[in-house]
Structure formats: C-alpha cells, structure tokens
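> Requesting a structural model of the entry that follows:
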Amino acid sequence: MENADDLTLLRLFRHAAHHLDSTRKYRGQGWLLILLRERGAMTQRELTTLTGRRSATLSEQLRNLDRAGLITRERDGADRRNLNLSLTAEGLAAAARVQAERAELAGTLFAGLSPEEKRQLIGLLQKLLPLWRQLPREKEEELK
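Below you'll find the predicted structure:
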C-alpha cells in the first residue's frame, strides 16, 4: 500500500506543479524580477547562485526579459567578464505586479487550508525538499 500512496503523491504533485506553472505570466522569470526588485542590481553570477538555475537556463530567461524591456544588462567596469543586471522602470512595474499576483494566487490556492494545516504542509515540504535536492539530476528531470 505504501507504494500506491507514493505514486498517488507523485501524481498529485505533478498535477499541482503543472497547474501552477500554467497560471503564471512570466513563467520562470517572475522570481528573477522579484529578486532584482528586492535586492537591486546584481551580476548574472549572483543571480545564478541565488536561484540555483543552470547558467544556460538563466541566460535564456534574462535574454527574454531584456527583449521585453524589463531589464538592462551592462558589463561591469571593474570586471568585464561580469554582467550587471538591473530593472528598467517597466521592469520595476512588472515586478510589483508579479509580486502582487503571487500573493493573491497563494491566498487563493491555500484558502481551503486552516492555519494549522498550512503549518503542517510547510513542515512536510521543508522536510522533503532537502532530500529531493540530493537526487541526481536525471531523477529530478523524471519527476517533472
């Protein structure tokens, strides 16, 4: 029975992740906007470290944000290998919208849980995530 429960949990997590992913406007990029809004300008290397994203993935997302006029990318004067990233005025507005939309979505998604159930779910996920981060990358890709 335990294996059936594990498979049910996996299926439910995949459905939940798919649903969440399909509701977001700046898929994968909203968090970048929020980080730049909260922390100010930073290098691409710092953003890679903060997000844990692969360099190629982050580069593509930053390219899309740049094309949309939401960020600027400038070479660092002290170290020409680094790119300094910052939000444009339009990027600041987009980041504020994304942050507000996320707060509203979170409120909607978890409205059916009591405060105690929310704390329990937080505890369970905090217990699981470190274990999941130890999975080899191939296994992690299979879970998606």
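
> and the helix or strand where residue 92 lies, what's its mean pLDDT?
Taking DSSP states H and E as the criterion, the element that holds residue 92 is helix 89-109. Helix 89-109 shows a mean pLDDT of 93.

> Send over the next helix or strand after it as CSV, restricted to the C-alpha atoms.
Counting by DSSP H and E, the next helix or strand C-terminal to helix 89-109 is helix 115-133. The C-alpha trace of helix 115-133 is given here as CSV (Å, rounded to 0.1, in the frame of the first residue of the first chain):
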residue,chain,number,x,y,z
PRO,A,115,-3.7,27.9,9.6
GLU,A,116,-2.7,24.6,11.3
GLU,A,117,-2.9,22.6,8.0
LYS,A,118,-0.8,25.3,6.3
ARG,A,119,1.9,25.0,9.0
GLN,A,120,1.8,21.2,8.7
LEU,A,121,2.2,21.4,4.9
ILE,A,122,5.1,23.8,5.3
GLY,A,123,6.8,21.5,7.7
LEU,A,124,6.4,18.5,5.5
LEU,A,125,7.7,20.3,2.4
GLN,A,126,10.6,21.7,4.4
LYS,A,127,11.4,18.1,5.4
LEU,A,128,11.1,16.8,1.8
LEU,A,129,12.9,19.5,-0.2
PRO,A,130,16.4,18.9,1.1
LEU,A,131,16.0,15.2,0.3
TRP,A,132,14.8,15.9,-3.2
ARG,A,133,17.7,18.3,-3.8
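
> just checking, residue 86 touches residue 71?
Yes - the criterion here is Cβ atoms under 8 Å, and residue 86 meets it with residue 71 at 6.6 Å. Heads up, the C-betas are built off the backbone N, CA and C, glycines and all.

> what sits in contact with each of these two?
Common neighbours of residue 86 and residue 71 are listed as residue 36 (criterion: Cβ atoms under 8 Å, 6 or more residues apart in numbering).
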